[in-house]
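**Student:** Make a model of this:
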Amino acid sequence: MEGINKETLDQFIKESLFEDIRDGDHTSLACIPADDISEAKLLVKDVGVISGVAFAEIVFKTLDPNAEFEKMIEDGTDVDRGDIAFIVKCNSQALLKGERLVLNTMQRLSGISTLSSRFAFEVEDLPVKILDTRKTTPGMRFLEKWAVRIGGCTNYRDGLYDWIMIKDNHIDACGSIKEAILKTRAYLKETQLDLGITVEVRNLVELYEVLEVGQVTRIMLDNFERPILREAVQIVDKRFETEASGGITLKTVRKVAETGVDFISVGALTHSAGSLDLSLKVIKGS
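**Tutor:** Got it, this is the predicted structure:
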């Protein structure tokens, strides 16, 4: 799982399993012998992009180090109903302990990758990048952002700590765009932090204020009508990166991209993605 911190992933799996199992899977403990072995397949019941096969292998091998895992489909692959993503053979009790964590996570991540893939497809021939946002599920951001990458879109900042984003609330609290930018530059100099700076503008008046001050990395043009957005991009004229944001959908993303912006941020990649229908079916037991 490229770009995923192993310690973070291990802790997520540990906490998620504890949430579900606590002092034991009493149904399985009551019904299934401790040494029973089962073989199961991950069945795709929907159309989309699969994500989380590698995650599933880690979960099952965490629960049963002797698990045998056969990957049939790679993460990031287009899938159809009836496809089999993997086959796992392991201790039956371990299989049932990991089943729900694997399915819940894979369905969520595959939904995000599927939606990300559709956004990426809409603009694949244009020089623009589709960005995700911080609108993620608490505790799952690192996985959801991985799913965005699998789907062909790009991660923005991971959190409040790795990129400066001066938004309307910061500007209103600070008093002005100029004051917010200058204070930010002074803070970065004092703390010796090397962070990119995005500043949000809501109209052309605010855009000109930013251009007068400069000293930013990117200008976020928030909720601009497309003709004004195109004009704003021309005004910036590549002096700074430009980003469009605000309610952008699959139906509108291409027209927004055609205005010439460098980036389009889409919160829907994570906050509005559905789940891909998947199921884990036992095919052989002993």
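**Student:** Specify the beta-bridge partners of K284.
**Tutor:** Beta-bridge pairing for K284 (DSSP bridges): E39.
**Student:** is it true that it touches I87?
**Tutor:** No - counting by CB atoms under 8 Å, K284 sits too far from I87 to count as a contact (9.7 Å). C-betas here are computed from N, CA, C, even on glycine.
**Student:** Tell me which of the two has more neighbours.
**Tutor:** The residue with more neighbours, out of K284 and I87, is I87; 16 against 11, by other CB atoms under 10 Å.
**Student:** That one falls within a strand, correct?
**Tutor:** Yes - assessed by DSSP: H, G, I helix; E, B strand; the rest coil, I87 belongs to a strand.
**Student:** How about the contacts made by it?
**Tutor:** Applying CB atoms under 8 Å, 6 or more residues apart in numbering to I87 gives the contacts E39, A40, K41, L42, F69, E70, M72, I283.
**Student:** of the residues you listed, buried ones?
**Tutor:** E39, A40, K41, L42, F69 (16 or more other CB atoms under 10 Å).
**Student:** what kind of secondary structure is the fourth one in?
**Tutor:** If I follow you right, that is L42. Relying on three-state DSSP, one would call L42 strand.
**Student:** and the residue lying closest to it once chain neighbours are set aside, what pLDDT?
**Tutor:** Counting by CB to CB, 6 or more residues apart in numbering, A85 is the residue found nearest to L42 once chain neighbours are left out, at 4.2 Å. Here the pLDDT value assigned to A85 is 98.
**Student:** doesn't K45 make contact with A85?
**Tutor:** No - counting by CB under 8 Å, A85 sits too far from K45 to count as a contact (11.0 Å).
**Student:** hmm, back to that, could you tell me which residues touch both of K284 and I87?
**Tutor:** Residues touching both K284 and I87 (CB under 8 Å, 6+ apart) are E39.
**Student:** how about stretch 48-63 as CSV, C-alpha atoms only?
**Tutor:** Output of stretch 48-63 as CSV, limited to C-alpha atoms (Å, rounded to 0.1, in the frame of the first residue of the first chain):
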residue,chain,number,x,y,z
GLY,A,48,-16.5,0.4,-10.3
VAL,A,49,-12.9,0.5,-9.2
ILE,A,50,-11.7,-1.9,-6.6
SER,A,51,-9.6,-0.7,-3.6
GLY,A,52,-8.4,-2.5,-0.5
VAL,A,53,-7.3,-5.9,-1.7
ALA,A,54,-3.9,-5.2,-0.2
PHE,A,55,-5.6,-4.1,3.0
ALA,A,56,-7.6,-7.3,3.2
GLU,A,57,-4.4,-9.4,2.9
ILE,A,58,-2.9,-7.6,5.8
VAL,A,59,-6.0,-8.0,8.0
PHE,A,60,-6.3,-11.7,7.4
LYS,A,61,-2.6,-12.3,7.9
THR,A,62,-2.7,-10.3,11.1
LEU,A,63,-5.4,-12.6,12.4
